[in-house]
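In: Everything below, folded, please.
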Amino acid sequence: MNKRLIYVHDPMCSWCYGFETVRRQLFAALENRMPIERLVGGLAPDSAEPMPSAMRQMLQQTWRRIEQVIPGTEFNFEFWERCEPRRSTYPANRAVLAAREQGAEFDEIMTGRIQQAYYREARNPSDDETLIELAADIGLDAARFAATLESPRTRAALLDEIGRARALGADSFPSLIVATDDRLNRIAIDYNDVGAMLREIESLRG
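Out: As a prediction, the model looks like this:
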């Protein structure tokens with residue numbers, strides 16, 4: 001019998017950003033004990049429209065709440081003045097897939113670089129130009145990345161990955177699911193303590 005952990009996220013999901021410290025602890029604890037699969041879930045489709053004012057205010061409130069709920073998490077609110085926000089995370093999701101093509105390790109590295117750029121450096125990962133710059137930052141072949149980023153193959157791969165995530169019941173992010181031979185088990189997210197999640201995962205029979 002087998003057991004594997006599936007992590008569904010979006011690189012522009014603010015709660016996923018807040019989860020990163022504990023998420024890394026969890027993965028480190030499970031690294032040699034079970035396979036771990038990362039899936040991007042596609043929070044918001046492509047859009048060229050500026051983000052409505054009400055949504056801007058709602059997301060800023062979410063950032064402030066995360067700072068309160070997850071001690072040590074910081075956001076750079078200058079983003080809302082420097083950039084023209086769009087409700088569009090699919091480009092950043094495709095960036096993770098394009099990075100993954102140059103090595104599986106770049107999935108996590110690119111996700112982290114997008115989060116840093118968005119939440120700490122007040123840069124806009126909805127823009128392909130920004131994503132190509134970030135790819136170069138982490139040592140990817142920027143020309144190859146740029147060609148892959150918006151290719152029909154990458155666009156189709158994203159929709160396929162989103163479909164896989166939805167089929168698992170992962171319609172909110174972050175999501176943790178342990179798949180065993182006969183069932184899918186949703187793991188309750190704890191943003192501040194890895195212990196409860198580890199215990200729940202370990203209690204499941206593989």
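
In: going forward, measure contacts between C-alpha atoms and count neighbours the same way
Out: Fine.

In: S126 touches P91, doesn't it?
Out: Yes - S126 is within contact range of P91, at 5.8 Å (criterion: CA atoms under 8 Å).

In: so what's C83 closest to, chain neighbours aside?
Out: N124 (6.5 Å; CA to CA, 6 or more residues apart in numbering).

In: Count the neighbours of the one you found for me.
Out: Look at N124: counted by other CA atoms under 10 Å, it has 23 neighbours.

In: Find the residues that touch each one of S126 and P91.
Out: Residues touching both S126 and P91 (CA atoms under 8 Å, 6 or more residues apart in numbering): none.

In: residues in contact with the closest residue to E78 other than its chain neighbours?
Out: Spatially, and ignoring its direct neighbours in sequence, E78 is nearest to A122 (5.9 Å; CA to CA, 6+ apart). Contact analysis of A122 by CA under 8 Å, 6+ apart lists N76, F77, E78, F79, W80, R82, C83.

In: now the helices for this structure?
Out: All helices of the chain, identified by DSSP state H, fall at 14-30, 53-69, 79-82, 90-100, 106-119, 128-137, 142-149, 152-167, 194-203.

In: Would you tell me which one of those helices is buried the most?
Out: Counting by mean count of other CA atoms under 10 Å, helix 90-100 has the highest mean neighbour count of those, with a mean of 26.

In: Averaged pLDDT, that helix. What do you get?
Out: Mean pLDDT, computed over helix 90-100, is 98.

In: That helix - contacts with which helices or strands?
Out: With contacts defined as 3 or more CA pairs under 8 Å, 6 or more residues apart in numbering; DSSP states H and E, helix 90-100 has these neighbours: helix 106-119, helix 128-137, helix 142-149, helix 152-167.

In: Tell me what angle it forms with helix 106-119.
Out: Here the directions of helix 90-100 and helix 106-119 differ by 140 degrees (axes from the mean of the first three to the mean of the last three CA atoms, to 10 degrees).

In: Run through who's touching helix 90-100.
Out: With CA under 8 Å, 6+ apart, helix 90-100 has contacts from 10-12, 40-46, 106-108, 110-111, 114, 125-128, 131, 135, 140, 145, 148-150, 154-155, 157-158.

In: make it 6 Å
Out: Outside helix 90-100, the residues that touch it by CA atoms under 6 Å, 6 or more residues apart in numbering are G42, P45, D46, F106, D107, M110, P125, S126, F145, T148, L149.

In: need the contact list for the third one.
Out: By CA under 6 Å, 6+ apart, the contact list for D46 reads S88, Y90.

In: Next one: it from S53, what distance?
Out: According to CA to CA, to the nearest Å, D46 and S53 sit 18 Å apart.
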